[in-house]
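Trainee: just the structure for this:
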Amino acid sequence: MSSKTSRGGWACWMAIALSAPLAAADAEADVVSRMQREALAGNAAYRLVESLTTEVGPRFAGSAGDRAAAAWAEGKLRALGFPKVWIEPVTVPRWVRGEARGEIVSPFPQRVELLALGGSVGTAEEGIEAEVLGVENVAAMARLGDEAIAGRIVFFTERMRRTDDGSGYGDAVGIRSRGADEAVKRGAVAVLIRSVGTDSNRLPHTGATRYTEGAPRIPAAALSVPDAELLERELASGQPVRFRLFLGSRSEGEAESANVVAEFPGRERPGEIVLLVAHLDSWDVGTGAQDDGAGVAVVVEAARLAARHSPGGPRRTIRVVLTANEEFGLSGARAYAAAHAEEAPSHVVAVEADFGAGRVLTFRTRFAREDAAAADELAVRLAPLGIPSAAGDARGGADLSRLRPLGVPIVDLSQDGSLYFDIHHTDNDTMDKIDPANLHQVTAAFATLAEWAANRSERLRSLPPEPATP
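Mentor: Numbers count the residues shown, from 1 in each chain. Okay, the predicted model is just below:
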């Protein structure tokens, strides 16, 4: 071969070699674009929320609705073409809300709207009547002497800030989760809280309260925001305020529930798992459309889209887990982490959908140091959806709190929560609050993540294990 021919052949070979990755990149970009367009233009996720909230409705842990939801999910996942669907039994606590009534007895008698906090003990049949002591939060109560608290109903008045990232909830939720347990130590006979929410509707927000095992327990209830402000005004009169509370709440031991698991097995690396999680349960008020029907719809449809748009099927396994009892103790998350602990290093990445149907605004990652550049890859794919990266590490939601310590890489697709806490844990969490366009943008984002993680050439590395977060 002459030098001229050799040089020409080399140039041709180089052109082909250089064009190959460009062609592959173009093909991948086309896959992502088509998948995003389908997610944004379709209505499959919306129809899933519609089906769950209409055909099942509320699905509190251990209830008939909870069992119906598991059956619904198993049937729906099979109908949607997931090749593998199975049930993992989970034992959950069974708590029954019962009737709830409250009224300001004096100085100005008024009926109020309230809900028992999840897990609250009930009152005696005649209820409880006592003088009200208003304090902002647990820290403010701790600064008072026990004599100021003993024999009284403690009323926590802390207001929740409206934020788009949910940070206002984190700041205020302590009055709900810890208020009763701390108040009983100082001799209180009951606890009322201003609902942890951002609305002005006369609809109280429920949510779990926690007691110390083996310690005394007192009834705890949330007032609607307007009624909490009414009670504050009566306290501001300077006159003693008395309140009468009746709660029919009770615990009924344990019940059987289930995590519902489905997957599209990987064609090349079936032992490597891309995990999408949402919780199937809801509170017993409302129909659980935003919390977490939207999340269920998003992860199911995102997994289906990612598998459908992976040429030949996904290289890695895409797994969906719909957990039991996130609301009242993370029973499903704990059960999944325990049952799959040995499999944890095989989880390539995990993401959770549990923040309603607001648009994804930003994303964060928690990757191994060696995989720092992977976040840039993901940013390129999410950019058409208007989702930039944000500073800080991903944390994962409550249902990932038992997997994160095992070293599983995490992505947060952070949604707009500006309006979420207007309806969170209320009777107002219903289907009409779902905006289809926003829901489909969220679905497109989750599908983009799933397709990328399932098909990239190198898997994301596990991180060093760390202590579990309480």
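Trainee: and residue 203, its phi and psi?
Mentor: phi -130, psi 110 (degrees, to the nearest 10).
Trainee: looking at this, residue 460 is in a strand?
Mentor: No: counting by DSSP: H, G, I helix; E, B strand; the rest coil, one finds residue 460 to be coil, located in no strand.
Trainee: angles on the backbone of the residue nearest to it when sequence neighbours are not counted, please.
Mentor: Nearest residue to residue 460, sequence neighbours excluded (CB to CB, 6 or more residues apart in numbering): residue 409, at 4.6 Å. (C-beta placed from N, C-alpha, C; glycine too.) Dihedral angles of residue 409 (phi, psi; degrees, to the nearest 10) stand at phi -60, psi 140.
Trainee: could you verify my assumption that residue 409 touches residue 462?
Mentor: Yes: using CB atoms under 8 Å, residue 409 is in contact with residue 462, at 7.1 Å.
Trainee: show the average pLDDT along stretch 274-285.
Mentor: Averaging pLDDT along stretch 274-285 gives 98.
Trainee: low-confidence ranges in the chain?
Mentor: Along the chain, segments meeting pLDDT under 70 span 1-25, 468-470.
Trainee: how does it divide up, domain by domain?
Mentor: According to automatic domain parsing, the chain comprises the domains 34-90+256-455, 101-251.
Trainee: closest one to residue 26 among these?
Mentor: For these, proximity to residue 26 was assessed by CB to CB; domain 34-90+256-455 is nearest, at 12.6 Å.
Trainee: now residue 186: closest residue in space that isn't a chain neighbour?
Mentor: Closest to residue 186 by CB to CB, 6+ apart is residue 149, at 4.1 Å.
Trainee: residues contacting the one you found?
Mentor: With contacts defined as CB atoms under 8 Å, 6 or more residues apart in numbering, residue 149 is in contact with 133, 141, 183, 186, 187, 188.
Trainee: do I have it right that the first one meets residue 151?
Mentor: No: with contact defined as CB under 8 Å, residue 133 does not reach residue 151; the gap is 9.6 Å.
Trainee: which one's more surrounded, those two?
Mentor: residue 133 (19 against 11; other CB atoms under 10 Å).
Trainee: give me the common contacts of residue 133 and residue 151.
Mentor: Contacts common to residue 133 and residue 151, judged by CB under 8 Å, 6+ apart, are residue 188.
Trainee: overlap in contacts of residue 409 and residue 462?
Mentor: Contacts common to residue 409 and residue 462, judged by CB under 8 Å, 6+ apart, are 347, 368.
Trainee: which of the two has more neighbours?
Mentor: residue 409 (26 against 16).
Trainee: identify the residues contacting that one.
Mentor: 347-350, 365-368, 371, 460-463.
Trainee: kindly report the same for residue 427.
Mentor: 203, 285, 286.
Trainee: residues near residue 161, how many?
Mentor: Neighbours around residue 161, by other CB under 10 Å: 11.
Trainee: follow-up on the earlier one: of the contacts of residue 409, just the buried ones, PyMOL syntax please.
Mentor: In PyMOL, this line selects whichever of those come out buried by 16 or more other CB atoms under 10 Å:
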select buried, resi 347+348+349+350+365+366+367+371+460+462+463
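Trainee: from the contacts of residue 409, pick the one nearest residue 254.
Mentor: residue 350 (27.6 Å).
Trainee: so the closest one is in which element?
Mentor: For residue 350, the host element (DSSP states H and E) is strand 347-352.
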